[in-house]
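*Asks:* this is the structure alone, sequence omitted:
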């Protein structure tokens with residue numbers, strides 16, 4: 001089992017639960033967490049026992065509040081800083097986004113579900129921008145404080161623009177710390193896919209994760225990759241790549257498993273959302 005200083009990690013069946021575990025600073029990430037998340041995403045690629053990942057935060061106050069700005073937490077005295085400008089000009093920059101998101105940093109195409117259990121702001125969008133979907137507790141809030149503190153909001157709104165309408169991204173970006181988006185509003189604009197009472201968040205994430213994990217993993221992962229290709233490429237390019245993904249993601253073992261399930265006469269106990 002993987003061991004980390006800033007993350008809690010647990011495997012339950014085919015589901016891995018990755019918990020940002022710095023509740024004393026609202027699960028803000030320091031250099032250690034940045035490295036450990038990168039290592040975790042990479043390790044999950046190689047772990048065939050895990051089919052789905054749930055990402056959440058410790059406690060009930062915050063999912064993640066971005067970069068921990070306290071000097072002692074961002075870097076360690078005996079090693080180079082993980083983030084910031086390299087050299088005399090601003091053209092060489094190491095950004096947390098190089099190491100944090102599951103797709104960009106980890107090249108992880110297993111489904112990742114975010115269970116947002118409180119505040120999600122600033123650098124939290126590095127993570128939320130690259131999960132498959134988000135389930136939020138009713139008390140969850142979303143905001144980006146960069147501009148309030150004199151910093152340009154750049155990567156976070158770029159990622160959110162893939163998940164929210166332009167006007168909503170602009171408002172959240174420009175209002176800074178002066179306004180927070182509720183879980184209900186986030187659901188209305190498509191950022192969040194389900195809102196549940198806080199006490200039901202874990203169960204809602206578990207239910208979704210186990211349902212996805214019950215299906216043939218190759219078909220699931222190829223489907224994930226196809227949707228992200230469609231998000232990132234032009235439509236014609238994505239459709240062309242899709243022809244290859246259909247071949248790669250539909251193997252005889254998966255088809256046989258699906259046929260056995262269909263032929264058994266047993267049907268999935270579905271729920272209406």
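*Replies:* Looks like it came in fine. Here the structure is a predicted model, which means the values were calculated and not measured. Numbers count the residues shown, from 1 in each chain.

*Asks:* can you map out the strands along the stretch 151-273 of the chain?
*Replies:* Residue ranges of the strands in the stretch 151-273 of the chain, as given by DSSP state E, counting those that start in this stretch, are 181-182, 194-196.

*Asks:* would you list those strands in a markdown table and tack on distance to residue 168, mean neighbour count and mean pLDDT?
*Replies:* Just so you know, the C-beta spots here come from the backbone N, C-alpha and C atoms, and that holds for glycine as well. Formatted as a markdown table, those follow (distance: least, C-beta to C-beta, whole Å; neighbours: other C-beta atoms under 10 Å; pLDDT from 0 to 100):
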| stretch | distance to residue 168 | mean neighbour count | mean pLDDT |
| --- | --- | --- | --- |
| strand 181-182 | 8 | 20 | 98 |
| strand 194-196 | 16 | 20 | 98 |
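
*Asks:* so can I have TSV of those strands showing distance to residue 205?
*Replies:* Listed next are the strands of the stretch 151-273 of the chain as TSV, based on distance: least, C-beta to C-beta, whole Å:
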stretch	distance to residue 205
strand 181-182	19
strand 194-196	9
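
*Asks:* which one of the ones you listed lies nearest to residue 41?
*Replies:* Residue 41 lies closest, by C-beta to C-beta, to one member of the strands of the stretch 151-273 of the chain: strand 194-196, at 23.6 Å.

*Asks:* list the contacts for residue 53?
*Replies:* Listed by C-beta atoms under 8 Å, 6 or more residues apart in numbering, the contact set of residue 53 reads 15, 16, 17, 18, 44, 102, 108, 110, 111, 112, 113, 209.

*Asks:* neighbours of the last one, how many?
*Replies:* Neighbours of residue 209 under the rule other C-beta atoms under 10 Å: 25.

*Asks:* just the third one next, same as before
*Replies:* If you count neighbours by other C-beta under 10 Å, residue 17 ends up with 18.

*Asks:* now swap in the first one and tell me
*Replies:* In terms of burial, residue 15 registers 21 neighbours under the definition other C-beta under 10 Å.

*Asks:* check contacts around it.
*Replies:* 50, 51, 52, 53, 54, 206, 209, 210, 213.

*Asks:* now for the strands of the stretch 151-273 of the chain, which one comes closest to residue 125?
*Replies:* Nearest of the strands of the stretch 151-273 of the chain to residue 125, taken as C-beta to C-beta: strand 181-182 at 11.7 Å.

*Asks:* run through the neighbouring helices and strands of the closest one.
*Replies:* Applying 3 or more C-beta pairs under 8 Å, 6 or more residues apart in numbering; DSSP states H and E, we find strand 181-182 packed against strand 141-143.

*Asks:* so what strands line up beside the strand it packs on?
*Replies:* Applying DSSP bridges, strand 141-143 is found paired with strand 119-121 (parallel), strand 181-182 (antiparallel).

*Asks:* export these as TSV, with columns for distance to residue 26.
*Replies:* Shown next, in TSV, are those (distance: least, C-beta to C-beta, whole Å):
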stretch	distance to residue 26
strand 119-121	6
strand 181-182	17
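
*Asks:* now for the ones you listed, which one comes closest to residue 132?
*Replies:* Comparing those by C-beta to C-beta, strand 119-121 comes nearest, at 16.1 Å.

*Asks:* how far away is the residue most central in space within the chain from residue 257?
*Replies:* What sits nearest the mean C-alpha location of the chain, by C-alpha atoms, centre = their mean, is residue 131, with 3.2 Å. From residue 131 over to residue 257 the distance is 26 Å, taken as C-beta to C-beta, to the nearest Å.

*Asks:* now residue 211
*Replies:* Noted for residue 211: a distance of 15 Å to residue 257, by C-beta to C-beta.

*Asks:* so who does residue 170 touch?
*Replies:* Counted by C-beta under 8 Å, 6+ apart, residue 170 has contacts residue 157.

*Asks:* what's the answer for residue 230, then?
*Replies:* 238, 242.

*Asks:* where in the stretch 51-200 of the chain is pLDDT low?
*Replies:* For the stretch 51-200 of the chain, the stretches with pLDDT under 70 are 71-85.

*Asks:* go with 50
*Replies:* Within the stretch 51-200 of the chain, the segments meeting pLDDT under 50 span 71-72, 75, 77-80.

*Asks:* and the closest residue to residue 174 other than its chain neighbours, how many neighbours?
*Replies:* The shortest distance from residue 174 to any residue other than its chain neighbours is 6.4 Å, reached at residue 147 (C-beta to C-beta, 6 or more residues apart in numbering). For residue 147, the neighbour count with other C-beta under 10 Å is 15.
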